[in-house]
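1. coords please:
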Amino acid sequence: MRVIVIGGGVVGTMHAWQAVERGHEVVQIEREAEARGASLRNFGQIWVSGRAGGAELETALRARELWERIGERVPGLGFRAIGSLTPVRNAREHAVAEAAVARADAADRGYALLGAAEARAINPALRGAFEAALWCERDAAVEPRTAQLHLREALRASGRYTFLPGREVREVTGPGAVRDDHGDVHRGDVVVLATGAWLSGLVRELAPDLPVRRVRLQMMQTEPLGEPLTTSVADADSFRYYPAYRSEALDELNAEQAQAPVAAAHKMQLLMVQRRDGGLTIGDTHEYEHPFAFDTLEEPYDHLTGVVESFLGRPLPKIRHRWAGVYAQCTDTTRVVHREQVRDGVWLVTGPGGRGMTCSPAIAETTANELGW
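-> Numbering: from 1, shown residues only. Take a look at the predicted model:
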C-alpha cells in the first residue's frame, strides 16, 4: 500500500509512522519547510492526568504506551517518564485533589495525594509554599521542537518514506490522489489530511461544515533553571480546565475561590515542563473568539511568572522566548478527534485540541486499524 500523508506535524508524522511500521510506503507532504504549528509550540507533555474518563483516557493511556515504545527506538525524542505534580495550597484545592484520587480510574492514571515533604522528595526544586500535591505517575514528556525531526530520521531509515516540504496540496484529483502547488500529482491507495489548525483552502472545500474550531494560546520559555525540575508542574487552576477533576469539590472551588482576574480573563492555567537544555516551558492562556489578536499580551506572562516563582521559592530565570500558537479542537470537546472520509480514498483527521501531542500515536493507530492498513 502507498499512503499519502498531508501535514508534517505530530499527528501527520504518527500516521506516517503507523503506515511504515505496517510495511507500507509513505509520502509525507508539508506546506512549510518544517512544521511550524502546535506540534512545535507546545509543552511536549504526554498528559494523562487530566483526561476525561472512558474513550479519552483509554486513548491517552494507549498513546502513553506507544510513546514509550517509540522513545526506546528513537532516543532523540527525549521521552521521559517524569510524572507530574499539582501543588495545592488550601482546603478547597486539597478537596479537589482528594476527589481525583477517589476516582474509580485513579490507579490507571497513577494518582496519589502527597504531603508537601513527599512532593519535594520527588521534585526538590519546589521550595515554595504549598500544603500537598496531586501526583500523576503516568504523565511524561518529549522534546516538541525536535520530535518530528528525529521521527523522520527513523522513518527514512526504513527506505519506504519520503518527506516533501514546501508544497501545499491544492486539489484532490481522484481516489487517493492529490495535486500540489508545484503541479505534481501524488497517487496512493489512501490520503490522510492531518493539517492541524490549517482548516482553510483545500480542507474547507472538502469539509465546509467541519465541526472543529481553532484555539490560540500564549507560552514562554526560560533560560536554564540551573537545577533539575524532575516532574511536570501544574497549578490548581488546571483543575478548572481538565475534565478529570470534575466533582462536587471542584464546583465548590469554582463557587468560593475565584481565579485571579487576569487568569480568568485569559482562561489560564499553569503548566510547566523542563526542556533537555534546562530551560522551562511555561503556559498557558486560551482564546476562542475569532479573529485572534496578532500580538501577545504581557499580563498573562506576569501572572504565570508569579505562580511559578511561588512554587519554586526563587526568581524565574530570564525569559528567552515568548510565542503564541493555534491548535484545532472539536467543537464537541468530548470527542478525541474528528475523523472523516471527505472523498474517495481521502480521510481528514483533525481537532484533537490540546490532546494532539499526548494522543497522536493512538489516534494514528486507530486510523490505521479502521482503514485496514
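2. Glu287: neighbour count?
-> Using other CB atoms under 10 Å, Glu287 is surrounded by 17 other residues. Every residue, glycine included, has its C-beta placed from N, CA and C.
3. ranges for the helices of the stretch 201-350 of the chain?
-> 202-206, 237-241, 248-256, 261-265, 298-312 (DSSP state H, counting those that start in this stretch).
4. To Gly128, which of these lies closest?
-> helix 298-312 (4.5 Å; CB to CB).
5. Name the residues that touch the closest one?
-> For helix 298-312, the surrounding residues in contact (CB atoms under 8 Å, 6 or more residues apart in numbering) are 87, 125-130, 218, 220, 233, 235, 260, 262-263, 266, 268, 270, 272, 280, 282-283, 285, 315-316, 319, 322.
6. try 6 Å
-> Identification of contacts with helix 298-312 by CB atoms under 6 Å, 6 or more residues apart in numbering yields 87, 126, 128, 218, 220, 235, 262-263, 266, 270, 282, 285, 316.
7. Also stretch 23-38?
-> 1-6, 8-9, 16, 19-20, 148, 160-169, 186, 196-197, 325, 327.
8. go with 7 Å
-> 1-9, 12, 16, 19-20, 148, 160-169, 180, 186, 188, 196-197, 325-327, 356, 373 (CB atoms under 7 Å, 6 or more residues apart in numbering).
9. Quick one: residues contacting the nearest residue to Leu371 once chain neighbours are set aside.
-> What sits nearest to Leu371 in space, not counting adjacent residues and going by CB to CB, 6 or more residues apart in numbering, is Val190, at 6.1 Å. Val190 makes contacts with Val3, Gly176, Gly345, Trp347, Leu371, as judged by CB under 7 Å, 6+ apart.
10. Any chance of a markdown table for those residues, columns distance to Tyr301?
-> Below are the contacts of Val190 laid out as a markdown table (distance: CB to CB, whole Å):
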| residue | distance to Tyr301 |
| --- | --- |
| Val3 | 41 |
| Gly176 | 46 |
| Gly345 | 46 |
| Trp347 | 39 |
| Leu371 | 43 |
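11. Quick one: buried ones out of the residues you listed?
-> Val3, Gly176, Gly345, Trp347, Leu371 (16 or more other CB atoms under 10 Å).
12. So which of those residues sit within strands?
-> Val3, Trp347 (DSSP state E).
13. Save the buried ones among the contacts of Val190 as CSV, and put in pLDDT and distance to Ala249 too.
-> Listed next are the buried ones among the contacts of Val190 as CSV, based on pLDDT from 0 to 100; distance: CB to CB, whole Å:
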residue, pLDDT, distance to Ala249
Val3, 98, 47
Gly176, 96, 51
Gly345, 97, 49
Trp347, 98, 41
Leu371, 96, 42
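14. For the longest helix along the chain, the averaged confidence score.
-> Scanning the chain for the longest helix, with DSSP state H as the assignment, gives helix 55-73. When pLDDT is averaged over helix 55-73, the result is 97.
15. So which elements touch that helix?
-> Secondary-structure packing of helix 55-73 (3 or more CB pairs under 7 Å, 6 or more residues apart in numbering; DSSP states H and E): strand 45-46, helix 356-370.
16. Phe294 is nearest to which of the ones you listed?
-> Closest to Phe294 of the helices and strands packed on helix 55-73, according to CB to CB: helix 356-370, at 23.1 Å.
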